[in-house]
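Novice: sequence and predicted structure are below.
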Amino acid sequence: MTQFELSENLDGPALFQPEAKKDKMEGQGLTAILEDALSSCQEIPFMAIDHEESSEKINGKYHYAVVILLGIQVFFDVLVPDGEFPDECEIKIRDILSGSVKTFLVEHIKAFPFRSYHTEKKSYLRIYTNSTGSRKTAIKAVQDNNFETASDDLYSFHHKVA
């Protein structure tokens, strides 16, 4: 797949430096590439896999970096129990969440569960919330009503449906 095709599929800039840019920056290291991108106000795509807070001093003065993440939807998934239709399950989930979360959206999806082996995709309800706090409240409310959830880890993002 070419960079253009990748950009079209991702609906955004490709995650690679163009070849000419690579040649220009060859041997200068990641710091030089980042400084060049920052000085020319380019977007710097990255994937956050962990986060921590720290304080750094340069020449005795504190320096801070602010990272603003936009366009990332906060969600978790609810497994539709066997023998139940997604629409029936959605009504139950909406009743549960209406008392604990102000705003949420529900989407029907089919996916292979992350845990154990399955030959067929299962039905899930994907629940979108406005914040990680609302997500946490919603997950607890759904789990307290004996529904199985996925994409529900509160500290990392490894429990996903495929």
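Specialist: Structure received.

Novice: correct me, but Leu38 touches Ala32?
Specialist: No. Contact criterion Cβ atoms under 8 Å: Leu38 and Ala32 do not qualify, at 10.8 Å. For glycine as for every other residue, the C-beta is placed from the backbone atoms N, C-alpha and C.

Novice: residue contacts, Ile44?
Specialist: Neighbour list for Ile44: 34, 37-38 [criterion: Cβ atoms under 8 Å, 6 or more residues apart in numbering].

Novice: swap in 6 Å and give it another go.
Specialist: Ala37 (Cβ atoms under 6 Å, 6 or more residues apart in numbering).

Novice: what is the three-state secondary structure of it?
Specialist: coil (DSSP: H, G, I helix; E, B strand; the rest coil).

Novice: equivalent analysis for Gln143, please.
Specialist: Secondary structure, three-state DSSP: Gln143 is helix.

Novice: not counting sequence-adjacent ones, nearest residue to it?
Specialist: Excluding the flanking residues, the one nearest Gln143 by Cβ to Cβ, 6 or more residues apart in numbering is Thr149, at 5.9 Å.

Novice: what helices or strands is the host helix or strand of Ile93 leaning on?
Specialist: In this structure, Ile93 is located in helix 86-98 according to DSSP states H and E. Applying 3 or more Cβ pairs under 6 Å, 6 or more residues apart in numbering; DSSP states H and E, one finds that helix 86-98 makes contact with strand 104-111, strand 122-129.

Novice: quick one: buried residues of that helix?
Specialist: For helix 86-98, a neighbour-count test (16 or more other Cβ atoms under 10 Å) marks 86, 89-90, 92-93, 96-97 as buried.

Novice: as JSON lines, those with pLDDT and distance to Ala138 would be great.
Specialist: Shown next, in JSON lines, are these (pLDDT from 0 to 100; distance: Cβ to Cβ, whole Å):
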{"residue": "Pro86", "pLDDT": "97", "distance to Ala138": "18"}
{"residue": "Cys89", "pLDDT": "97", "distance to Ala138": "15"}
{"residue": "Glu90", "pLDDT": "97", "distance to Ala138": "14"}
{"residue": "Lys92", "pLDDT": "97", "distance to Ala138": "14"}
{"residue": "Ile93", "pLDDT": "97", "distance to Ala138": "9"}
{"residue": "Ile96", "pLDDT": "96", "distance to Ala138": "9"}
{"residue": "Leu97", "pLDDT": "97", "distance to Ala138": "6"}
